[in-house]
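Engineer: I would like to see how this sequence folds:
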Amino acid sequence: MATNSPRLTKMEELAKVAGVSVSTVSRALAGNPSINAKTRARIVDLAAKHNYQINENARNFRLQKTNVIAVVLMLDVKSEQHTSDMFFLEMLGAIADALSVQNYDLLLANSPMTNVLDIQSSRIFRQSDGIIFIGQGNQHEQLNEFSGLEKPMVVWGSNLPDRRYCTVGADNVVGGYLATKHLLNLGRKDIVFMGDINMPEPKQRFEGYLNALKEKGIKFNKRLQIDVPFEMSHASEAINDLLQQKISFDGAVCCSDLIALSAIAALTESGLRVPEDVAVVGYDDIALASYSSPSLTTVRQNIVQGGRILVQKLMAQINGDTVADSVLKTELIVRRSSGAW
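Structural biologist: Residues are numbered from 1 along each chain as shown. Purely as a prediction, here's the structure:
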């Protein structure tokens, strides 16, 4: 609605018109409950009448806020893992959407780093209000040390011993168990596990794999545990090596959907049929999983929910709250690659 009232550009001017202090105006416009509802409503009405708008830059400067959140992708340096990994892309999209709702921008750090403590001397640290780490890599101790720097942080990853930082993640042991039990129940017995068990999440998925074998009374065959990083070309090479060594297998539990899709491609090129000859299960349930040929049976991590919770946990820390870890539900999504239908 149009008004002839003079436009106010300074908080001091609005405070004078309202007959209150500048701090009262500031708290009222921020919705602070310490200001009674009647006074808050009167100040908000006056601000609208005089077309007053908060100078966000000045406000953030006073509060020492940047309204920027840094996201650090914990890329596997040795395997030359890429930012274009679809898990990373989907997680980044979920985080960006959740930050947008909070009126925050995203600063991406995607260069592989051997020590996350180096971040404290970078603009990622200086120009952000908090940091989200996607993954832990082999830097659990460094992340523990980083948590003492009084910079709000949250990590997508595993619940590791002696951890001093907040994590959001799925139950990897249950996920590995569900994938393996599914193949065992379909009559598969020689099941390859593909994932680098030197990394926290694959290690826990491998634990679930072993639990399922033990429950079924099947002895673990060390030749069927293949260390494969989160990078597609390594999975293809691993499958070809198994075939050249004439190691018999009729199933594969893969620690990511990209590993699974690469394995399927290598098996098909070698003349084997999926799932008739080798049944395959992936992990993550990225968007591509349902469109592959055959469509991919996989363990779903709710990536969108995970991104949203990561942001919620970080915002709570920025506001001075104590936060607890979140463990997301894992779910087996059955499609054609495992031969269940």
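Engineer: contacts, neighbours, all on C-alpha from now
Structural biologist: Fine.
Engineer: May I have the secondary structure class of Ser248?
Structural biologist: Three-state call for Ser248 (DSSP: H, G, I helix; E, B strand; the rest coil): coil.
Engineer: do the same with the one 5 residues further on
Structural biologist: State at Val253, reduced to three classes by three-state DSSP: strand.
Engineer: Counting neighbours, what do you get for it?
Structural biologist: Using other CA atoms under 10 Å, Val253 has 31 other residues around it.
Engineer: I'd assumed Lys189 was in a strand, is it?
Structural biologist: No - assignment of Lys189 by three-state DSSP gives coil, placing it outside any strand.
Engineer: how about the nearest residue to it, chain neighbours excluded?
Structural biologist: Nearest residue to Lys189, sequence neighbours excluded (CA to CA, 6 or more residues apart in numbering): Asp250, at 6.9 Å.
Engineer: what separates that neighbour from Arg27, distance-wise?
Structural biologist: In this view, Asp250 and Arg27 are 65 Å apart by CA to CA, to the nearest Å.
Engineer: Mind listing the residues bridging to Leu108?
Structural biologist: The bridge-partner assignment for Leu108, based on DSSP bridges, gives Val71.
Engineer: hmm, back to that, thinking the residue nearest to Lys189 is in contact with Gly187, fair?
Structural biologist: No - between Asp250 and Gly187 there is no contact under CA atoms under 8 Å: 9.3 Å.
Engineer: So the two - more neighbours on which side?
Structural biologist: For Asp250 versus Gly187, neighbours defined as other CA under 10 Å are more numerous around Asp250 (18 against 11).
Engineer: and the gap between the more buried one and Lys203?
Structural biologist: Per CA to CA, Asp250 is found 22 Å from Lys203.
Engineer: Likewise for Val71?
Structural biologist: 24 Å.
Engineer: contacting residues around Lys28?
Structural biologist: That one is not Lys; residue 28 is Ala. Ile35, Thr39, Arg40, Ile43, Val44 (CA atoms under 8 Å, 6 or more residues apart in numbering).
Engineer: if we go to 7 Å?
Structural biologist: Contacts here follow CA atoms under 7 Å, 6 or more residues apart in numbering; on that basis Ala28 touches Ile35, Arg40, Ile43.
Engineer: What residue, apart from its backbone neighbours, is nearest the second one spatially?
Structural biologist: In other words, Arg40. Ala28 (4.8 Å).
Engineer: pLDDT-wise, which helix or strand of the chain ranks last?
Structural biologist: Scoring the helices and strands of the chain by mean pLDDT, DSSP states H and E places helix 56-63 at the bottom, with a mean of 48.
Engineer: the helices in the protein, which residues?
Structural biologist: Counting by DSSP state H, the chain has helices at residues 11-18, 22-29, 37-49, 56-63, 86-101, 123-126, 140-146, 172-185, 200-216, 232-244, 257-269, 303-318.
Engineer: Out of these, which is closest to Ser5?
Structural biologist: Of all these, helix 37-49 sits nearest to Ser5, with 6.7 Å by CA to CA.
Engineer: Put the alpha carbons of the closest one into PDB.
Structural biologist: These are the backbone C-alpha positions of helix 37-49, laid out as PDB (Å, rounded to 0.1, in the frame of the first residue of the first chain):
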ATOM      1  CA  ALA A  37       4.300  -8.800  21.200                       C
ATOM      2  CA  LYS A  38       2.500  -5.400  21.100                       C
ATOM      3  CA  THR A  39       5.700  -3.400  20.900                       C
ATOM      4  CA  ARG A  40       7.100  -5.700  18.300                       C
ATOM      5  CA  ALA A  41       4.000  -5.400  16.100                       C
ATOM      6  CA  ARG A  42       4.000  -1.500  16.500                       C
ATOM      7  CA  ILE A  43       7.700  -1.300  15.400                       C
ATOM      8  CA  VAL A  44       7.100  -3.700  12.500                       C
ATOM      9  CA  ASP A  45       4.200  -1.600  11.300                       C
ATOM     10  CA  LEU A  46       6.200   1.600  11.600                       C
ATOM     11  CA  ALA A  47       9.000   0.100   9.600                       C
ATOM     12  CA  ALA A  48       6.600  -0.900   6.800                       C
ATOM     13  CA  LYS A  49       4.900   2.600   6.900                       C
END
